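Enquirer: here is a sequence together with a model predicted from it:
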Amino acid sequence: MKRLRTRKGFLVVISGPSGVGKSTVVRALIKENPDLRLSVSYSTRPPRPNEQNGADYHFVSEAEFSDKIKEGDFLEWAQVHGYCYGTPKKFIQEQLNKEQVVVLEVDVQGAAKVKDALAAGKLKCAVVFVFLIPPSVDILAFRLKKRKTEDEEVMNYRLRAAIAELQVMEKYDYIVVNDRVDSAASKIRAIINVEKERMLLN
């Protein structure tokens, strides 16, 4: 398939509530589309059993994370459920300068901060915001329980927070239902192709 080339790189922000399957969908998207560039965030939380340092996150200590904040290394950062997460500014800018499409997976709070950076002129590129939603709240609860990474109290807190996060979906450019991982990844690729064509026409 012939790939379109954009005159400028752009950023695709993929967000959604906790437990919706953001990481799984993004992994599938990148695997099937190696032309996309994944921005790997930094995190102070411990890796889960299936996660790899440098691939899923850059896992760092709180002290290392604090140093990066002081040095201005993050485009945005936030504290979520007791852990810190940050988006590397240098990598994104380098890829945008090469006219690449960069995929960034963040939670709802992180997406809001990217919007703030865009509005403040700290981020000067086109940004497409995609919101992943579950087929139903029941399925979201099932996915959170299936993780088995937190105790019941923390899991219930995450579920309440996730339901609240669903209220911001209308602020995004696109909404994608994650009913099946391959289907959701294909929908996001279609969105990227549409945005490429639109930017070529502008």
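Expert: Received the coordinates, thanks.
Enquirer: now for the helix or strand harbouring Leu200, which elements pack on it?
Expert: Assessed by DSSP states H and E, Leu200 sits inside helix 181-201. The contact analysis (3 or more Cβ pairs under 8 Å, 6 or more residues apart in numbering; DSSP states H and E) places helix 181-201 against strand 10-15, helix 22-32, strand 126-133, strand 174-177. Quick note: C-beta positions are derived from backbone N, CA and C, even for glycine.
Enquirer: what residues of the shortest one count as buried?
Expert: Spelled out, that is strand 174-177. Tyr174, Val176 (16 or more other Cβ atoms under 10 Å).
Enquirer: and that strand, how far from the chain's centre?
Expert: 13 Å (Cα atoms, centre = their mean, to the nearest Å).
Enquirer: ok, that strand: who's next to it in the sheet?
Expert: strand 126-133 (parallel) (DSSP bridges).
Enquirer: what does the strand it pairs with contact?
Expert: Residues outside strand 126-133 that contact it (Cβ atoms under 8 Å, 6 or more residues apart in numbering): 8, 10-17, 20-22, 25, 111, 114-115, 118, 166, 168-169, 171-178, 184, 188, 191-192, 195, 199.
Enquirer: among those, which ones are buried?
Expert: Taking 16+ other Cβ under 10 Å as the criterion, what is buried in these is 10-17, 20-22, 25, 111, 114-115, 118, 166, 168-169, 172, 174, 176, 178, 184, 188, 191-192, 195, 199.
Enquirer: avg pLDDT for stretch 187-199?
Expert: The pLDDT scores in stretch 187-199 average 93.
Enquirer: what does it rub up against?
Expert: By Cβ under 8 Å, 6+ apart, the list of residues contacting stretch 187-199 reads 4, 6-8, 10, 12, 14, 25, 29, 32-33, 36, 101, 126, 128, 130, 174, 176.
Enquirer: can you give me the helices for this structure?
Expert: Ranges of helices within the chain are 22-32, 62-70, 89-97, 108-119, 137-147, 152-165, 181-201, based on DSSP state H.
Enquirer: out of those helices, flag the one nearest Arg45.
Expert: Among the helices of the chain, helix 62-70 comes nearest to Arg45, with 10.3 Å by Cβ to Cβ.
Enquirer: show me the shaky parts of the chain.
Expert: Scanning the chain for pLDDT under 70 picks out 1-7, 137-159, 162, 202.
Enquirer: I appreciate the help and will end here.
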